[in-house]
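# Just a sequence and a predicted model for now, questions to come.
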2 protein chains.
Amino acid sequence: MKKKDPAIDRLFHALGDPTRRAIVDRLGHAPTSATRLAEWLGVTVTAVGQHLQILEDAGLVSTEKLGRVRTCSIHHAGFDRLEQWIRDHRTSWERRLERLADLLAESDKD
Amino acid sequence: MKKKDPAIDRLFHALGDPTRRAIVDRLGHAPTSATRLAEWLGVTVTAVGQHLQILEDAGLVSTEKLGRVRTCSIHHAGFDRLEQWIRDHRTSWERRLERLADLLAESDKD
DNA sequence: AAAATACTGAAGTATCCACTTGACAATTTG
DNA sequence: CAAATTGTCAAGTGGATACTTCAGTATTTT
């Protein structure tokens, strides 16, 4: 029927959970540590760790461990891919409308 | 922590499932009946009915029953909301780049 | 009217998934 | 060094969920 796309799969699965979207929300504001996220969310640090793993695999979040603290921040790759998916899945007549804006944006880039 | 948004919740949950994304995929090409979807997907019509309910609640698909056949097609409202969410959740420096394109697109609409 | 088609509804099942607890490792602080 | 902080790993649990089957309803076809 169609080629399966594991990246998109992980992406939507990642954002399908309210807690993970809350994390993305928070990180969009400013980078934070796992413990802070846990306190803010009212869940265990373990749970946050699991969520971070999923978000990282989806390309939505990137983390870096310095010393004993893991700092998490937004990674735009996932968002780019997501936006691309939406674009690819609009119906043709909708795409036609978008093309105008795209062309205008393109002409600005150079 | 943040106001919950049940619409976005339903939206991401709906697209979190591969089968439902396949349905969206197919309907993006052309409207179809539930039975055809079921055959194509290799699942029961009942299963398709359940998926359609979820997709409809999310505003991604609209269905209409004429006679005994339910015809399903893409509904753009969900896609619009989804794209809006992505826009709202990009980091500020990314937003800054987008603003150009947005302004250009806006000036074209009138 | 009888048979076939297209779907709907209730109920069950098996798997997945978000979260927990508890034990441990690594780093920082007193 | 001892104590506190920050995070990781393994295993378990309860609830959601993607399916199914079976029974029924409405519509179309013959």
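Now that the structure is in, tell me what you want to look at. Numbers count the residues shown, from 1 in each chain, chains lettered A, B, ... in the order given.

# residue in chain A nearest to DNA strand D?
Relative to DNA strand D, the nearest point of chain A is residue A:35 (2.7 Å; CB to the nearest atom of the strand). No exception for glycine: its C-beta is placed from N, CA and C like everyone else's.

# Look up phi and psi at that residue.
Here is the backbone geometry of residue A:35 (degrees, to the nearest 10): phi -60, psi -40.

# for chain A, which spans come out with low pLDDT?
A:1-4, A:92-110 (pLDDT under 70).

# Identify the spatial nearest neighbour of the most centrally placed residue in it, chain neighbours not counted.
Taking CA atoms, centre = their mean, the centroid of chain A lies closest to residue A:60, which sits 3.1 Å from it. For residue A:60, ignoring the flanking residues on the chain, the nearest one in space by CB to CB, 6 or more residues apart in numbering or on different chains is residue A:78 at 3.6 Å.

# and the one you found, what element?
helix A:76-88 (DSSP states H and E).

# Could you tell me the angle between the direction of that helix and that of helix B:76-88?
Orientation of helix A:76-88 against helix B:76-88 (axes from the mean of the first three to the mean of the last three CA atoms, to 10 degrees) gives an angle of 160 degrees.

# residue contacts, residue A:70?
Residue A:70 sits next to A:33-34, A:52, A:63-64 when contact means CB atoms under 8 Å, 6 or more residues apart in numbering or on different chains.
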